[in-house]
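Enquirer: need coordinates for the following:
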Amino acid sequence: MSIIKLIKKTRNYFLRKIVYRRYQIGAGFSSGIRVRIWAKQKVIIGKSFYIGRDSFIESDVIIGDNVIWANRVALVGKYDHNYQQIGVPVRLSSQIRDQNYAWKGLNNLTIIEDDVWVGYGTTILSGVKIGTGSIIATCSLVTKDVEPYSIYGGVPARKIKDRFNTKEELNKHILLYRQNYKT
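Expert: Below you'll find the predicted structure:
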C-alpha cells in the first residue's frame, strides 16, 4: 500500500471513529477534504459511502450502502430557521441548532437508499427520499422524492429518464447487485 493510500485510509478511519463518532457510519467511509457532517438527531451511513470535497450534511439522514456524492453536494434543512418568528429578523430567529428549537423541520428525515450517485453541486432539501439505484444530475435541486432506478435533474429536479434502457437490464442489475453487494 502506498503512503498516500495509507494516509487517506487513516484519515477516513479517524473521521469515522473520532470526529463523527456520535453518528453511525459504516465501513468503507471515504471523505474528500473540507466535508462537514452535522445533524440534530441522527446520521446513519451504510457501507462504502464516498462524500466528495466541500460537501455538507446538515440534516438528519439515513444513507444506504454504495452511495457516492460528488464534490460540493449539500443536504440542508428546509426549515433551519424560524422565518415566521414575529418581530425577529431571520438572521436572529431561532434555528434548528438551538436546544429549545420548537418550529418546523424537527422530524424531517432524509432517506437516500443504496446504489445512489449524486452529481456535483447538487442540493438536497431535508425530508425527501431518493430511491435505490437513482442518479441525480449535476447542479440539481432535489425538493421531492426520487423514484428508484431513475435519473433526475434540474431546478427543481424532475425525472429525466429511467436509469436502465430495458426492464431486463434493470432486473439483471438488481440480481447481480444483490448477489455481489448485499450479504
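
Enquirer: contacting residues around the closest residue to R158 other than its chain neighbours?
Expert: Computed as CB to CB, 6 or more residues apart in numbering, the closest residue to R158 that is not its neighbour in sequence is Y152, at 6.4 Å. Yep, even glycine has a C-beta here, placed from its N, CA and C like the rest. Contacts here follow CB atoms under 8 Å, 6 or more residues apart in numbering; on that basis Y152 touches S134, I135, I136, A137, S140, V142, V146, R158, K159, I160.

Enquirer: what mean pLDDT would you report for stretch 132-146?
Expert: On average, the pLDDT along stretch 132-146 is 98.

Enquirer: list the buried residues of that stretch.
Expert: Within stretch 132-146, the residues that count as buried by 16 or more other CB atoms under 10 Å are T132, G133, S134, I135, I136, A137, S140, V142, V146.

Enquirer: how far does it sit from the chain's center?
Expert: How far stretch 132-146 lies from its chain's middle: 10 Å, per CA atoms, centre = their mean, to the nearest Å.

Enquirer: with respect to S31, which of the contacts of Y152 is nearest?
Expert: S31 has its nearest neighbour among the contacts of Y152 in I136, at 19.0 Å by CB to CB.

Enquirer: beta partners for that closest one?
Expert: V118, Y152 (DSSP bridges).

Enquirer: that one reaches G153, doesn't it?
Expert: Yes - here I136 reaches G153: they are 6.9 Å apart, a contact under CB atoms under 8 Å.

Enquirer: where do the contact lists of these two overlap?
Expert: G119.

Enquirer: before we move on, the earlier item: pick out whichever of the buried residues of stretch 132-146 sits closest to V35.
Expert: Among the buried residues of stretch 132-146, I136 lies closest to V35 (CB to CB), at 17.8 Å.

Enquirer: tell me the spacing between that closest one and T10.
Expert: Counting by CB to CB, to the nearest Å, the separation of I136 from T10 is 31 Å.

Enquirer: ok, G153 next?
Expert: Taken as CB to CB, the span from G153 to T10 is 36 Å.

Enquirer: picking up where we left off before, okay if I get the contacts of Y152 as CSV plus distance to M1?
Expert: As requested, those are exported to CSV (distance: CB to CB, whole Å):
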residue, distance to M1
S134, 33
I135, 31
I136, 33
A137, 35
S140, 36
V142, 37
V146, 37
R158, 44
K159, 42
I160, 40
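
Enquirer: looking at these, which one is closest to I68?
Expert: Distances from I68 to the contacts of Y152, taken by CB to CB, are shortest for I135, at 9.8 Å.

Enquirer: and the longest helix along the chain, average pLDDT?
Expert: Of all the segments assigned as helix in the chain under DSSP state H, the longest by residue count is helix 167-181. What helix 167-181 shows for mean pLDDT is 96.
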